[in-house]
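# Sequence plus predicted model, see below.
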Amino acid sequence: MLRGDTVPHCTECGKEVADETRFCDNCGASLKSAQSAADGIQNTLPVNQKISERQDLLGLVSAGVILILVGITYQRYPIDLTVIRDYIQNMASSGIFVRPPQVLFDPMIFFLYAVGLWGIVLTVLRIVVDRNVGKAAQDFCGCLFAFFCIFLLTNYATGVFTERVLAAYFVVAIGVLIVANAVVTILSPKHK
(Lines give C-alpha, C1' and ligand atoms only; values in the text may rest on other atoms or scores of the structure.)
Protein backbone atom coordinates (compact mmCIF):
# COMPACT_ATOMS: atom_id res chain seq x y z
CA MET A 1 0.00 0.00 0.00
CA LEU A 2 1.19 3.50 -0.70
CA ARG A 3 1.99 5.39 2.47
CA GLY A 4 -0.06 8.49 3.24
CA ASP A 5 -3.05 7.39 1.13
CA THR A 6 -6.41 7.21 2.84
CA VAL A 7 -7.41 4.43 0.44
CA PRO A 8 -4.91 1.54 0.21
CA HIS A 9 -3.41 0.76 -3.20
CA CYS A 10 -1.25 -2.08 -4.52
CA THR A 11 2.45 -1.14 -4.65
CA GLU A 12 2.90 -3.09 -7.89
CA CYS A 13 0.00 -2.01 -10.12
CA GLY A 14 -1.60 0.86 -8.15
CA LYS A 15 -5.09 -0.68 -8.03
CA GLU A 16 -7.26 0.20 -5.04
CA VAL A 17 -7.48 -2.69 -2.53
CA ALA A 18 -9.23 -3.41 0.77
CA ASP A 19 -7.25 -3.01 4.02
CA GLU A 20 -7.40 -6.70 4.97
CA THR A 21 -6.47 -8.01 1.50
CA ARG A 22 -3.24 -10.06 1.43
CA PHE A 23 -2.86 -10.22 -2.38
CA CYS A 24 -3.85 -7.79 -5.10
CA ASP A 25 -6.85 -9.01 -7.09
CA ASN A 26 -5.43 -7.39 -10.23
CA CYS A 27 -1.75 -8.48 -10.35
CA GLY A 28 -1.40 -11.01 -7.50
CA ALA A 29 1.33 -9.09 -5.65
CA SER A 30 1.67 -9.61 -1.90
CA LEU A 31 0.27 -6.55 -0.12
CA LYS A 32 1.65 -7.35 3.32
CA SER A 33 5.23 -8.26 2.31
CA ALA A 34 6.88 -5.05 3.59
CA GLN A 35 4.96 -5.14 6.88
CA SER A 36 5.53 -8.90 7.32
CA ALA A 37 9.26 -8.55 6.70
CA ALA A 38 9.43 -5.74 9.25
CA ASP A 39 7.56 -7.86 11.80
CA GLY A 40 9.75 -10.91 11.09
CA ILE A 41 6.80 -12.88 9.75
CA GLN A 42 7.50 -15.29 6.86
CA ASN A 43 6.11 -13.98 3.56
CA THR A 44 3.85 -16.00 1.33
CA LEU A 45 4.97 -16.08 -2.30
CA PRO A 46 2.95 -13.80 -4.56
CA VAL A 47 0.73 -15.56 -7.08
CA ASN A 48 2.89 -14.36 -10.01
CA GLN A 49 6.00 -15.86 -8.42
CA LYS A 50 4.24 -19.21 -7.85
CA ILE A 51 3.16 -19.26 -11.49
CA SER A 52 6.68 -18.45 -12.70
CA GLU A 53 8.06 -21.39 -10.68
CA ARG A 54 5.65 -23.71 -12.52
CA GLN A 55 6.70 -22.13 -15.81
CA ASP A 56 10.31 -22.90 -14.98
CA LEU A 57 9.29 -26.48 -14.25
CA LEU A 58 7.55 -26.77 -17.63
CA GLY A 59 10.63 -25.26 -19.26
CA LEU A 60 12.79 -27.90 -17.58
CA VAL A 61 10.40 -30.64 -18.69
CA SER A 62 10.53 -29.20 -22.21
CA ALA A 63 14.34 -29.30 -22.25
CA GLY A 64 14.21 -32.94 -21.18
CA VAL A 65 11.67 -33.77 -23.88
CA ILE A 66 13.85 -32.14 -26.55
CA LEU A 67 16.83 -34.27 -25.44
CA ILE A 68 14.64 -37.38 -25.58
CA LEU A 69 13.53 -36.39 -29.11
CA VAL A 70 17.19 -36.02 -30.16
CA GLY A 71 17.86 -39.53 -28.85
CA ILE A 72 14.79 -40.99 -30.56
CA THR A 73 15.74 -39.30 -33.83
CA TYR A 74 19.26 -40.69 -33.64
CA GLN A 75 17.93 -44.15 -32.78
CA ARG A 76 15.47 -44.09 -35.67
CA TYR A 77 18.01 -42.65 -38.17
CA PRO A 78 21.41 -44.02 -37.13
CA ILE A 79 23.63 -41.80 -39.24
CA ASP A 80 27.37 -42.25 -39.17
CA LEU A 81 28.64 -39.14 -37.38
CA THR A 82 31.47 -38.84 -39.90
CA VAL A 83 28.85 -37.80 -42.48
CA ILE A 84 27.93 -34.80 -40.32
CA ARG A 85 31.59 -34.05 -39.53
CA ASP A 86 32.58 -34.21 -43.21
CA TYR A 87 29.65 -31.99 -44.18
CA ILE A 88 30.59 -29.32 -41.61
CA GLN A 89 34.28 -29.50 -42.56
CA ASN A 90 33.37 -29.18 -46.25
CA MET A 91 31.30 -26.08 -45.53
CA ALA A 92 34.00 -24.58 -43.30
CA SER A 93 36.75 -25.15 -45.86
CA SER A 94 34.73 -23.79 -48.78
CA GLY A 95 33.47 -20.82 -46.80
CA ILE A 96 29.98 -21.03 -48.33
CA PHE A 97 26.78 -22.86 -47.64
CA VAL A 98 26.90 -26.40 -49.03
CA ARG A 99 23.78 -28.47 -49.58
CA PRO A 100 23.52 -31.10 -46.80
CA PRO A 101 23.79 -34.75 -47.79
CA GLN A 102 20.39 -36.21 -48.69
CA VAL A 103 20.70 -38.68 -45.81
CA LEU A 104 20.35 -35.80 -43.30
CA PHE A 105 16.99 -34.49 -44.53
CA ASP A 106 14.80 -37.31 -43.17
CA PRO A 107 16.15 -37.08 -39.59
CA MET A 108 15.88 -33.27 -39.61
CA ILE A 109 12.27 -33.42 -40.82
CA PHE A 110 11.39 -36.17 -38.31
CA PHE A 111 12.93 -34.17 -35.46
CA LEU A 112 11.08 -30.98 -36.45
CA TYR A 113 7.76 -32.89 -36.62
CA ALA A 114 8.39 -34.23 -33.13
CA VAL A 115 9.32 -30.75 -31.83
CA GLY A 116 6.20 -29.27 -33.45
CA LEU A 117 3.96 -31.90 -31.86
CA TRP A 118 5.65 -31.33 -28.49
CA GLY A 119 4.99 -27.61 -28.95
CA ILE A 120 1.26 -28.33 -29.26
CA VAL A 121 1.34 -30.46 -26.08
CA LEU A 122 3.33 -27.76 -24.26
CA THR A 123 0.82 -25.11 -25.38
CA VAL A 124 -2.03 -27.13 -23.87
CA LEU A 125 -0.04 -27.69 -20.66
CA ARG A 126 0.62 -23.96 -20.33
CA ILE A 127 -3.10 -23.26 -20.60
CA VAL A 128 -4.32 -26.09 -18.35
CA VAL A 129 -1.61 -26.16 -15.69
CA ASP A 130 -0.38 -22.56 -15.58
CA ARG A 131 -3.42 -20.78 -17.04
CA ASN A 132 -0.85 -18.64 -18.84
CA VAL A 133 -2.30 -17.86 -22.26
CA GLY A 134 0.55 -15.50 -23.16
CA LYS A 135 3.27 -18.12 -22.68
CA ALA A 136 1.06 -20.71 -24.38
CA ALA A 137 0.76 -18.41 -27.40
CA GLN A 138 4.55 -18.09 -27.54
CA ASP A 139 4.93 -21.87 -27.39
CA PHE A 140 2.36 -22.23 -30.16
CA CYS A 141 4.28 -19.74 -32.32
CA GLY A 142 7.35 -21.92 -31.79
CA CYS A 143 5.54 -25.04 -32.92
CA LEU A 144 4.23 -23.24 -36.02
CA PHE A 145 7.83 -22.22 -36.74
CA ALA A 146 8.91 -25.88 -36.52
CA PHE A 147 6.17 -26.90 -38.98
CA PHE A 148 7.17 -24.07 -41.34
CA CYS A 149 10.79 -25.30 -41.21
CA ILE A 150 9.50 -28.74 -42.24
CA PHE A 151 7.80 -27.11 -45.23
CA LEU A 152 11.05 -25.34 -46.15
CA LEU A 153 13.24 -28.43 -45.76
CA THR A 154 10.87 -30.65 -47.71
CA ASN A 155 10.79 -28.22 -50.62
CA TYR A 156 14.55 -27.75 -50.47
CA ALA A 157 15.23 -31.52 -50.33
CA THR A 158 13.05 -32.12 -53.40
CA GLY A 159 14.67 -29.28 -55.35
CA VAL A 160 11.63 -26.96 -55.36
CA PHE A 161 13.51 -24.28 -53.39
CA THR A 162 17.05 -23.09 -54.01
CA GLU A 163 19.39 -22.14 -51.17
CA ARG A 164 18.58 -18.49 -51.81
CA VAL A 165 14.80 -19.02 -51.54
CA LEU A 166 15.27 -21.25 -48.49
CA ALA A 167 17.39 -18.63 -46.74
CA ALA A 168 14.99 -15.80 -47.61
CA TYR A 169 11.92 -17.64 -46.29
CA PHE A 170 13.81 -18.77 -43.20
CA VAL A 171 14.92 -15.23 -42.32
CA VAL A 172 11.37 -13.91 -42.87
CA ALA A 173 9.99 -16.71 -40.65
CA ILE A 174 12.43 -15.83 -37.86
CA GLY A 175 11.40 -12.17 -38.12
CA VAL A 176 7.71 -13.09 -37.92
CA LEU A 177 8.42 -15.33 -34.91
CA ILE A 178 10.27 -12.51 -33.10
CA VAL A 179 7.51 -9.98 -33.80
CA ALA A 180 4.75 -12.44 -32.78
CA ASN A 181 6.51 -13.26 -29.50
CA ALA A 182 7.06 -9.57 -28.77
CA VAL A 183 3.39 -8.75 -29.42
CA VAL A 184 2.26 -11.63 -27.18
CA THR A 185 4.63 -10.45 -24.44
CA ILE A 186 3.35 -6.86 -24.68
CA LEU A 187 -0.28 -7.98 -24.63
CA SER A 188 0.09 -10.40 -21.71
CA PRO A 189 -1.57 -9.23 -18.47
CA LYS A 190 1.66 -8.57 -16.52
CA HIS A 191 2.65 -5.87 -19.03
CA LYS A 192 -0.63 -3.96 -18.92
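Looks like it came in fine.

# any idea how far the spatially most central residue of the chain lies from residue 154?
Ranked by distance to the mean C-alpha position of the chain (CA atoms, centre = their mean), the top residue is residue 139 at 4.8 Å. Remark: distance between residue 139 and residue 154 (CB to CB, to the nearest Å) = 23 Å. C-betas here are computed from N, CA, C, even on glycine.

# For residue 140, the count of nearby residues, please.
By other CB atoms under 10 Å, the residues close to residue 140 number 20.

# got the buried residues for the strand or helix carrying it?
Take DSSP states H and E as the rule and residue 140 turns out to sit in helix 133-157. By neighbour count on 16 or more other CB atoms under 10 Å, the buried set for helix 133-157 is 133-146, 148-150, 152-153, 156-157.

# What of stretch 169-186?
Within stretch 169-186, the residues that count as buried by 16+ other CB under 10 Å are 169-170, 173, 177, 180-181, 184.

# contacting residues for the nearest residue to residue 180 once chain neighbours are set aside?
Leaving aside its sequence neighbours, residue 180 sits nearest to residue 141 (CB to CB, 6 or more residues apart in numbering; 4.7 Å). Counting by CB atoms under 8 Å, 6 or more residues apart in numbering, residue 141 touches 177, 180-181, 184.

# Now the two most distant members of the residues you listed.
Greatest spatial distance in these: 177 and 184, 10.7 Å, computed using CB to CB.

# before we move on, back to that, pLDDT averaged over the helix holding residue 140, what's the number?
For helix 133-157, the mean per-residue pLDDT is 91.

# what residues go with each domain of this structure?
Domain ranges of the chain: 1-44, 48-191, per automatic domain parsing.

# can you tell me which of those domains the model trusts least?
Sorting the domains of the chain by mean pLDDT places domain 1-44 lowest, at a mean of 64.

# Identify each of the helices in the protein and give its residue range.
Along the chain, the stretches classed as helices by DSSP state H are 33-39, 47-76, 81-94, 105-125, 133-157, 163-187.

# any idea how far residue 76 lies from residue 83?
16 Å.

# again with residue 19
70 Å.

# and these two? which has more neighbours close in?
The neighbour comparison of residue 19 against residue 83 (other CB under 10 Å) goes to residue 83, with 13 against 8.

# Spit out the contact partners of residue 10.
If you count contacts by CB under 8 Å, 6+ apart, then residue 10 has 1, 17, 24, 26-27, 29, 31 around it.

# thinking the residue nearest to the centre of the chain is in contact with residue 124, fair?
No: in this structure, residue 139 is not within contact of residue 124 by CB atoms under 8 Å, at 9.2 Å.

# Apart from its chain neighbours, what residue comes closest to residue 145?
residue 177 (5.0 Å).

# burial measure for the closest residue in space to residue 133 that isn't next to it in sequence, as a count.
Sequence neighbours aside, residue 127 is the residue nearest to residue 133 in space, at 6.3 Å (criterion: CB to CB, 6+ apart). For residue 127, the tally of surrounding residues (other CB under 10 Å) stands at 16.
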